[in-house]
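> missing the sequence, but the structure's below:
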């Protein structure tokens with residue numbers, strides 16, 4: 001075998017999270033009352049658009065979570081020797097971007113370095129020029145005259161390929177739909193693209209087309225150019241931005257695994273048992289909220305870093321060391337971000353405990369554990385889902401801020417925060433190096449925006465107060481008016 005599979009801590013936890021999500025989806029599919037709110041999310045146009053974008057980000061993150069160590073080439077000798085470098089399946093797919101390293105900065109789609117260098121001519125004179133890049137535009141003989149035409153031609157090829165892929169995927173999907181509905185192909189296509197169906201598939205199709213029209217030309221150009229330029233050490237910025245997606249997803253999802261048990265258990269206990277239990281839990285999260293979160297996280301991360309440097313034998317590779325720090329950062333963020341959800345669940349449980357069916361269960365001697373799991377927890381599940389989805393974007397931004405101040409992920413790990421931190425000094429150059437910051441900001445903005453839009457759709461579908469309000473508004477509109485009402489004498 002030419003590779004040695006590597007399972008990092010975050011890889012295992014992400015696999016556990018995917019398994020839990022799959023189990024939850026299977027249970028939702030079997031329960032009609034659980035399926036109803038998710039149907040509302042799917043029927044929402046903004047929910048469908050955001051799901052398509054998030055699906056692309058999640059796919060990239062999962063591809064970057066399949067790690068391995070390649071075998072080293074050796075002459076003779078028994079056994080195999082594996083590299084200390086840990087790669088992922090995404091690294092394998094992006095090998096041209098990862099291996100095509102330049103000397104230093106280069107602008108997007110450039111064929112020369114960004115800064116002038118002194119070179120010696122064959123005649124012995126020294127002149128200052130912009131040297132050619134080793135990889136970017138290396139196939140061009142005269143970049144000044146050939147580059148524009150070559151870029152436009154590759155963009156055209158990418159656009160044609162995107163339309164072909166979109167047509168093939170759409171045709172297969174429509175063929176399956178028409179077969180299930182037992183209707184002609186053209187009728188299914190007209191129904192889906194006209195927006196008359198229950199699910200706004202046309203929104204998903206147009207979003208998928210927009211992603212293809214942007215992504216495929218960038219992929220075609222990246223074979224010969226650095227589309228988003230290179231950084232100080234010559235690494236491709238597009239590669240760094242794609243690698244940062246996994247870090248943001250890990251921070252946003254694994255922190256939730258730490259936060260949820262504390263918030264749910266303590267919040268429901270405080271609202272249900274009341275008395276000294278409520279006082280103790282309130283004292284706990286009030287004390288925790290009084291400590292500045294950044295200082296608490298910085299102290300915990302620095303203590304962890306000191307311990308890791310004192311025990312280098314714990315880690316066999318640099319990647320495992322960086323992954324352990326990322327895992328500990330998720331733990332710290334989870335330990336400091338559960339208080340808000342806990343307070344919400346406490347208030348909702350206090351209200352539910354006074355409901356008639358809960359009081360009836362208590363008077364009949366039903367055990368507390370059964371009341372909590374059968375009556376309390378299902379009725380606060382909408383708050384949990386809404387809080388989890390809405391907190392995701394905040395956690396992604398928190399990683400960027402913490403890495404910017406130097407207490408985030410390990411410096412050897414690629415993330416939006418480390419890219420922004422590195423771009424801080426680049427912005428002070430003359431001329432300014434702007435593309436690293438712009439790329440990190442663009443990818444992070446798209447991820448956070450799609451997560452926020454999706455969280456809004458989930459909130460509208462799961463929040464019972466919005467359901468009640470829309471019910472009364474609809475009922476008021478349908479109520480017949482008395483004769484003569486609204487008429488002027």
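Yep, that arrived. Quantities reported herein were computed from a predicted structural model and do not represent experimental measurements.

> burial measure for the residue nearest to residue 132 when sequence neighbours are not counted, as a count.
Leaving aside its sequence neighbours, residue 132 sits nearest to residue 112 (CB to CB, 6 or more residues apart in numbering; 5.8 Å). Glycine gets a C-beta too; all of them are placed from N, C-alpha and C. Neighbourhood size, residue 112 [other CB atoms under 10 Å]: 17.

> quick one: residues contacting residue 112.
Going by CB atoms under 8 Å, 6 or more residues apart in numbering, residue 112 touches 106, 130, 131, 132, 133, 143.

> what backbone torsions are found at the first one?
Residue 106 adopts backbone torsions of phi -150, psi 140, taken as degrees, to the nearest 10.

> could you tell me the per-residue confidence at it?
Residue 106 carries a pLDDT score of 89 in this model.

> measure it to residue 228 for me?
Computed as CB to CB, to the nearest Å, the residue 106 to residue 228 distance reads 10 Å.

> of these two, who's got more company?
residue 106 (30 against 25).

> what is that one paired to in the beta sheet?
Beta-bridge partners of residue 106, counted by DSSP bridges, are residue 230.

> quick one: low-confidence parts of this structure?
For the chain, residues meeting the criterion pLDDT under 70 lie at 1, 74-79, 195-197, 463-489.

> tell me the spacing between the residue nearest to residue 132 and residue 99.
Residue 112 is 20 Å from residue 99, by CB to CB.

> same question for residue 30.
48 Å.

> who does the longest helix seen in the chain touch, helix- and strand-wise?
Longest helix in the chain by number of residues (criterion: DSSP state H): helix 143-181. Contacts defined by 3 or more CB pairs under 8 Å, 6 or more residues apart in numbering; DSSP states H and E place helix 143-181 against helix 185-194, helix 201-221.

> return the most buried member of the ones you listed.
Mean neighbour count, computed with mean count of other CB atoms under 10 Å, is highest for helix 201-221 among these, reaching a mean of 18.

> and residue 357, what is it in contact with?
For residue 357, the contacting residues are residue 375, by CB under 8 Å, 6+ apart.

> just how off-centre is the host helix or strand of it within its chain?
Using DSSP states H and E, residue 357 falls within helix 356-363. Mean C-alpha position of helix 356-363 versus that of the full chain (CA atoms, centre = their mean, to the nearest Å) differs by 42 Å.

> one more: stretch 446-466?
15 Å.

> contact partners of it?
Under CB under 8 Å, 6+ apart, the answer for stretch 446-466 is 37-38, 40-41, 44, 46-47, 49-51, 53-54, 57, 245, 248, 252, 382, 385-386, 389-390, 392-393, 396-397.

> ok, now with 6 Å
Here stretch 446-466 makes contact (CB atoms under 6 Å, 6 or more residues apart in numbering) with 37, 40-41, 44, 46-47, 50, 53-54, 57, 382, 385-386, 389-390, 392-393, 396.

> buried residues of it, list them for me.
The neighbour-count check on stretch 446-466 (16 or more other CB atoms under 10 Å) flags 447-448, 450-451, 453-463 as buried.

> check stretch 28-37 too.
For stretch 28-37, burial by neighbour count (16+ other CB under 10 Å) applies to 28, 37.

> need the distance between the two termini of that stretch.
Start-to-end span of stretch 28-37 (CA to CA, to the nearest Å) is 10 Å.

> before we move on, what about stretch 422-442?
Using CA to CA, one end of stretch 422-442 lies 16 Å from the other.

> picking up where we left off before, next SSE downstream of the helix holding residue 357?
Using DSSP H and E, the next helix or strand after helix 356-363 towards the C-terminus is helix 368-371.

> show me how far the helix or strand just after that following helix is from its chain's centre.
For helix 368-371, the following helix or strand on the C-terminal side (DSSP H and E) is helix 377-404. Computed by CA atoms, centre = their mean, the separation of helix 377-404 from the middle of its chain amounts to 12 Å.

> quick one on the thing from earlier: what residues of the helix holding residue 357 count as buried?
Result for helix 356-363 [16+ other CB under 10 Å]: buried residues 358, 361.

> and the residue nearest to residue 132, how close does it get to residue 435?
For residue 112, the distance to residue 435 - CB to CB - is 15 Å.

> show me what contacts residue 116?
So, once contact is read as CB under 6 Å, 6+ apart, residue 116 ends up touching 128, 130.

> one more: residue 390?
If you count contacts by CB under 6 Å, 6+ apart, residue 390 has them with residue 455.

> recalculate using a threshold of 8 Å.
452, 455, 459.

> kindly report the same for residue 403.
Residues in contact with residue 403, defined by CB under 8 Å, 6+ apart, are 409, 415, 416, 417, 418, 420, 421.
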